[in-house]
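Trainee: Predicted model and sequence follow; I will ask about them next.
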Number of protein chains: 2
Amino acid sequence: MGSSAKEEARIADALCKAVLERKLAPGSKLPEEELAQIFRSNRAKIRRVLLLLSRSHIVTLEPGRGAFVSRPSPQEARDVLASRRLIEVSLLARPYRRLSAQAAERLRRIMAEEAQAHAAHDAIAMIYLSGQFHLTLIEELGNKVLKSITGELILRMSLIITMYERQNTTCCLSSDHHDLLELLLAHDYVEASALMARHLEGIESCLDFHREPATTTILSQILQPLKD
Amino acid sequence: MGSSAKEEARIADALCKAVLERKLAPGSKLPEEELAQIFRSNRAKIRRVLLLLSRSHIVTLEPGRGAFVSRPSPQEARDVLASRRLIEVSLLARPYRRLSAQAAERLRRIMAEEAQAHAAHDAIAMIYLSGQFHLTLIEELGNKVLKSITGELILRMSLIITMYERQNTTCCLSSDHHDLLELLLAHDYVEASALMARHLEGIESCLDFHREPATTTILSQILQPLKD
DNA sequence: TCAACCATTATTGTTTACAATATCAAGGCT
DNA sequence: AGCCTTGATATTGTAAACAATAATGGTTGA
């Protein structure tokens, strides 16, 4: 066996997925025993998963009280977005290497999926795919460390978007992604960087920090179907 | 009581300190039971600490084999440094706010300590204080998220320096720190940013990736005196 | 009627013992 | 002699029982 790390990753992914799909609302309680049953696991493993997720700022551990889906504050949201902007804009201005042909291909494939999700009005898939696009970009132009840092930020950002997204808006314009790729292939890094800055500012303008908590502390009944 | 998180932080800090003070060489085995005795703790707590430290890339967990002090590869070292450079240089070019008077005061105090450490030829203190200077800068000019990201990178960097530092060199020139502060107070962000770039490149040139493992897998005998 | 208090219940946190696995040493085989 | 096998030992990984703490609900008294 030995695949305990794998199993924990599976549980962590499933939890993240449930959060990002808005099946688990921010603030929801995550009881250890219940999660253990849902995932056919035990409390010890669940405990490690929750500890790790708390380091990713996806869940918050309150000593003696348990684990909850995080509710990032508006300030935290602004800081996360500003940090992403700093990293991504700077990297595009001076990338570590050029886009390879197969990198461009990877990006195009993601864009195609984005188009599908857009056509299907699948907002959740769009958030995920947009993240994948940005992450792939960082991976191709930057290095592994930057990728893991930005990956964490994008994950936090996804949670933030599910929490604060203004209704009737789509947060990440896929047309921007298209233009971004063209600029990079043309080696116009100045314009690419500027577009990325505008693009990320566009995300911020889609957020509404006034609309208060979606306090729907959904029961883990919701989680039952995703144990596979 | 309930201060279990505090105790774990204490243990984690002590371990980090031991690593950065070169009392624990990269690659050293970290047996759980032994650590539990040294810190008058239990295996469960040690286990959590090691899990967290592995997320900080200070220790590496090998499934079934245990925990070891990390041995960052040359590639990882370069990536960490490049990531730091990207973040710090960009932030200085366009800081989120200006340096307050008390911020300048904090920085000056750290610089004074650096001078002391330099006079005392205390290389370990210098690495630590240099990190503190950079971290304070990020905190004052940036935001909390950037600070925590950079804090992690600086910690990894410290481990990298202890591992790869060329002999007879001092890695972080405190004269640069002085000039940096002056430029920032004069609001000359272009020059400050350029100086930071040179400064961090200076660190890289102090590293020697050829000199192979300092495989001195020191026994935890060494750890005994730091249990307080 | 509302608020404060106490007992009950449920959940988290810790310790313990146990099982699985890897390391190490000795002995035998080629 | 050197390498592989085999058993002993130590360490990691897991599960389960226990203790401590926080949430819950009902009762009492003003």
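Mentor: Yes, it's here.

Trainee: now the helices for chain A?
Mentor: Remark: helices assigned in chain A by DSSP state H are A:4-20, A:32-38, A:43-55, A:74-93, A:101-119, A:123-141, A:144-164, A:174-185, A:189-205.

Trainee: what's near enough to touch residue A:21?
Mentor: residue A:124 (Cβ atoms under 8 Å, 6 or more residues apart in numbering or on different chains). The way it works is simple: take the backbone N, C-alpha and C, and place the C-beta from them, glycine included.

Trainee: Okay, it and DNA strand C: tell me how far apart.
Mentor: 22 Å (Cβ to the nearest atom of the strand, to the nearest Å).

Trainee: Torsion angles phi and psi at that residue?
Mentor: phi -90, psi 10 (degrees, to the nearest 10).

Trainee: try the one 4 residues further on
Mentor: Geometry field for residue A:25 lists phi and psi as phi -70, psi 150, criterion degrees, to the nearest 10.

Trainee: Tell me the spatial nearest neighbour of residue A:191, not counting adjacent residues.
Mentor: Distances taken as Cβ to Cβ, 6 or more residues apart in numbering or on different chains put residue A:183 closest to residue A:191, at 5.1 Å, once the chain neighbours are dropped.

Trainee: Residue A:110 now?
Mentor: residue A:133 (4.9 Å).

Trainee: Test my guess that the one you found contacts residue A:107.
Mentor: Yes - at 6.5 Å, residue A:133 counts as touching residue A:107 under the criterion of Cβ atoms under 8 Å.

Trainee: what sits against the residue lying closest to residue A:132 once chain neighbours are set aside?
Mentor: Of all residues not flanking residue A:132 in the chain, residue A:110 sits nearest, at 5.4 Å (Cβ to Cβ, 6+ apart). Shown in contact with residue A:110 (Cβ under 8 Å, 6+ apart): A:129, A:132, A:133, A:136.

Trainee: if we can go back for a sec, what's the closest of the helices of chain A to residue B:97?
Mentor: Closest to residue B:97 of the helices of chain A is helix A:74-93 (Cβ to Cβ; 11.5 Å).

Trainee: Verify the stated contact: residue A:74 with residue A:209.
Mentor: Yes - counting by Cβ under 8 Å, residue A:74 does reach residue A:209; the two are 3.9 Å apart.

Trainee: Name the residues contacting each of those two.
Mentor: In contact with both residue A:74 and residue A:209: residue A:164, using Cβ under 8 Å, 6+ apart.

Trainee: Tell me, what's the model's pLDDT at the spatially most central residue of chain A?
Mentor: For chain A, the residue nearest the mean C-alpha position is residue A:155 (2.7 Å; Cα atoms, centre = their mean). Listed pLDDT for residue A:155 reads 96.

Trainee: buried sites along stretch A:58-70?
Mentor: Neighbour-count burial for stretch A:58-70 flags A:58, A:59, A:60, A:61, A:67, A:68, A:69, A:70 (criterion: 16 or more other Cβ atoms under 10 Å in any protein chain shown).

Trainee: Which residue is the nearest non-sequential neighbour of the last one?
Mentor: The shortest distance from residue A:70 to any non-neighbouring residue, by Cβ to Cβ, 6+ apart, is to residue A:60 (4.7 Å).
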